[in-house]
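Peer 1: From the sequence below, what's the structure:
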Amino acid sequence: MTSDKGIFIKNIYYMLAYAFQVLRQKNYENIAAEDFEDVQDLFAAILAKGISRQLKQGLYREYVIKSEILPLMRGKLDIQGTINQQIQRKKSLACEYDELSVNNVFNQILKTTISILLRDHGVKSLRKDDLKKLLLFFNEIDTINLAEFRWDMLQYQRNNKNYEMLMNVCYFVLDGMLQTTEKGKFKMCSFSDKYMHRLYEKFILEYFKRHHSYLTEIGSARVSWDLAADTDERMIRFLPVMQTDVFLRYKEQILIIDAKYYGKTMQMQYDKATLHSGNMYQIFTYVKNQDKTESGNVSGMLLYAKTDEAITPDCRYLMGKNRISVKTLDLSKDFKLIAAQLDRIAEEHFGKQGNGC
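Peer 2: Below you'll find the predicted structure:
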């Protein structure tokens, strides 16, 4: 099945599998064989498998501050609370202490996401049954207030690193697919372009890392401005940062890819379809500033996710000594065709083949 943007929903799974390698483990392999009619059903399937696996290992615990009235001292004394106890002639102490608890923000996000998916019509009954069974293990855990929650507060370390993929799937559901009704209730809407763009970008980068390991540099590099040596450093800080989506290098050859996931690939100017001017200026700027010696060894590419527009750009330009190209990746095709196109991009620019998908 395809989403409302013409993407095979199964391809969203493959993209997630590259973005988060944990999905390549054995307990997720049967998800790839299923057909999903709705993307939220796919997310429910991934969470059902992932949370089940996490429960076998044990839910993540972290220290939380607890306040309690006790007969004996524990932790730190709450002075004001203890005074209140004395006023009431109670021989008790108000104490604050740290305790390892499963009721932390990571597990609260999981419980909140499960609860919302259980109310969604796009999630199949069989999947909901799996989620209901998992919810029984979250009795001690609260839900979160989505209106006040900030995703950038999540910090990963050794003990909760395996939550990262689960948190990203929850992020797609809670922040990418929810909208609030007039009555303040939540309902699911289509998966937004903003979140697909982040996934699309990360997928492309991770694909090259996995299948084109011969490349001497694969990452999301920052390009420095090609400035005169005597440029005042106080003025440099006003220049915008040039952060590439995908930066590939093999020996002296460099390819900078800017991944674009838009509802519209082309723009209309005076009834004429043209490439997005801002995107072209951006990739041109990246390439020219990277190729400071004007060697011609740096190329740039705008790689759009294909839309249903009549015009699908497939262009190459030689700008000075540098190649700038515009291509589209059709996410409605079988994943093997998508992989083959990415392999051709590497082969055309570096003359080497990858190891396939």
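
Peer 1: Around the spatially closest residue to Trp151 that is not a sequence neighbour, how many other residues sit close by?
Peer 2: Spatial nearest neighbour of Trp151, excluding adjacent residues (CB to CB, 6 or more residues apart in numbering): Tyr171 at 5.9 Å. C-beta coordinates here come from the backbone N, C-alpha and C atoms, glycine included. Burial of Tyr171 is recorded as 17 neighbouring residues (other CB atoms under 10 Å).

Peer 1: Need the residues that contact the helix or strand hosting Tyr171.
Peer 2: For Tyr171, the enclosing helix or strand under DSSP states H and E is helix 164-174. With contacts defined as CB atoms under 8 Å, 6 or more residues apart in numbering, helix 164-174 is touched by 16, 19-20, 22-23, 40, 43, 46-47, 50-51, 54, 106, 109-110, 112-113, 116-117, 146, 151, 154, 156, 191, 195, 199.

Peer 1: Show me which of these are buried.
Peer 2: Among the contacts of helix 164-174, those classed as buried by 16 or more other CB atoms under 10 Å are 16, 19-20, 22-23, 40, 43, 46-47, 50-51, 54, 106, 109-110, 112-113, 116-117, 154, 191, 195, 199.

Peer 1: where do the helices sit along the stretch 201-350 of the chain?
Peer 2: 233-236, 277-290, 335-350 (DSSP state H, counting those that start in this stretch).

Peer 1: residue contacts, Arg344?
Peer 2: Contacts of Arg344 by CB under 8 Å, 6+ apart: none found.

Peer 1: can you give me the helices for the stretch 51-200 of the chain?
Peer 2: For the stretch 51-200 of the chain, applying DSSP H, counting those that start in this stretch gives helices covering 79-87, 105-118, 125-135, 164-174, 193-211.

Peer 1: send the alpha carbons of the shortest one over as PDB?
Peer 2: I take that to be helix 79-87. Presented in PDB, the C-alpha positions along helix 79-87 are these (Å, rounded to 0.1, in the frame of the first residue of the first chain):
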ATOM      1  CA  ILE A  79      12.600  21.200  56.800                       C
ATOM      2  CA  GLN A  80       9.200  22.900  56.100                       C
ATOM      3  CA  GLY A  81       7.400  19.600  55.700                       C
ATOM      4  CA  THR A  82       8.800  18.300  59.000                       C
ATOM      5  CA  ILE A  83       7.900  21.600  60.900                       C
ATOM      6  CA  ASN A  84       4.300  21.100  59.600                       C
ATOM      7  CA  GLN A  85       4.300  17.600  61.000                       C
ATOM      8  CA  GLN A  86       5.500  18.900  64.400                       C
ATOM      9  CA  ILE A  87       2.800  21.600  64.400                       C
END
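
Peer 1: what distance separates it from the middle of the whole chain?
Peer 2: Taking CA atoms, centre = their mean, to the nearest Å, the mean C-alpha location of helix 79-87 is offset from the chain mean by 49 Å.

Peer 1: I'd like the average pLDDT over the helix holding Tyr171.
Peer 2: Mean per-residue pLDDT for helix 164-174: 89.

Peer 1: Extract the CA atoms of that helix and return them as PDB.
Peer 2: What follows is helix 164-174, C-alpha atoms only, in PDB (Å, rounded to 0.1, in the frame of the first residue of the first chain):
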ATOM      1  CA  GLU A 164      16.700   5.800  20.800                       C
ATOM      2  CA  MET A 165      14.900   4.000  17.900                       C
ATOM      3  CA  LEU A 166      11.700   3.600  20.000                       C
ATOM      4  CA  MET A 167      11.800   7.300  21.000                       C
ATOM      5  CA  ASN A 168      12.100   8.300  17.300                       C
ATOM      6  CA  VAL A 169       9.100   6.200  16.300                       C
ATOM      7  CA  CYS A 170       7.200   7.800  19.200                       C
ATOM      8  CA  TYR A 171       8.300  11.200  18.000                       C
ATOM      9  CA  PHE A 172       6.900  10.500  14.500                       C
ATOM     10  CA  VAL A 173       3.600   9.500  16.000                       C
ATOM     11  CA  LEU A 174       3.200  12.100  18.800                       C
END
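
Peer 1: count of neighbours near Phe8?
Peer 2: 20.

Peer 1: no no, Gln341
Peer 2: Gln341 has 15 nearby residues by other CB under 10 Å.

Peer 1: Pretty sure it sits against Leu329.
Peer 2: Yes - with contacts defined as CB atoms under 8 Å, Gln341 counts as touching Leu329 at a distance of 6.1 Å.
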